[in-house]
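>>> Provide a 3D model corresponding to the input given below.
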Amino acid sequence: MTGHRSAVDGFGGGPTLDGVFAVFANYRRRYVLHYLREEERASLGGIARQIAAWERAYRSEEVSGDLADRIEIELVHTHLPRLREADLVQYDRRASLVVYRDPPDIVRALLDLCTDRDLPE
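Residues are numbered from 1 along each chain as shown. I've put the predicted structure just below:
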């Protein structure tokens with residue numbers, strides 16, 4: 001049987017712990033998932049601006065364009081490919097739109113556990 005397998009797939013198509021932990025190992029990837037869990041779809045710029053705000057404890061409108069641009073570049077070249085490979089997001093480069101996929105239960109559970117530590121109150 002052939003078919004698409006994501007980077008978090010294990011035997012029987014379920015996620016492997018190694019694959020899930022590899023995705024969760026970086027706080028910016030977790031930030032993307034936190035943001036999209038609430039919004040479901042968002043512009044790349046909006047996600048980058050919110051990540052910068054969380055990192056600096058700013059309001060998103062206080063984030064400089066330069067900082068948001070640097071984060072956006074890192075997302076495009078590093079984190080979105082990993083999240084897409086894990087089948088957790090879809091990314092439309094032309095529309096600059098990121099969409100949250102229906103994640104496996106283990107991803108939802110880990111994201112719940114990370115929320116209090118990752119996100120400012």
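
>>> Okay, L17 and D102: tell me how far apart.
20 Å (CB to CB, to the nearest Å). From N, CA and C alone the C-beta is placed, and that goes for glycine too.

>>> Look at these two and report which has more neighbours.
Taking other CB atoms under 10 Å, L17 and D102 do not tie; L17 has more neighbours (11 against 8).

>>> Next, the contact list for that one, please.
I106 (CB atoms under 8 Å, 6 or more residues apart in numbering).

>>> and if you look at E40?
E40 touches 99-100, counting by CB under 8 Å, 6+ apart.

>>> Would you state the strands of the chain in chain order?
Taking DSSP state E as the test, the strands found in the chain are 41-43, 89-92, 97-100.

>>> quick one, which of those strands is packed in tightest?
strand 97-100 (a mean of 18; mean count of other CB atoms under 10 Å).

>>> For that strand, which outside residues touch it?
32-33, 36-37, 39-44, 47, 80, 88-92.

>>> In the sheet, which strands lie alongside it, parallel or antiparallel?
Using DSSP bridges, the strands paired with strand 97-100 are strand 41-43 (antiparallel), strand 89-92 (antiparallel).
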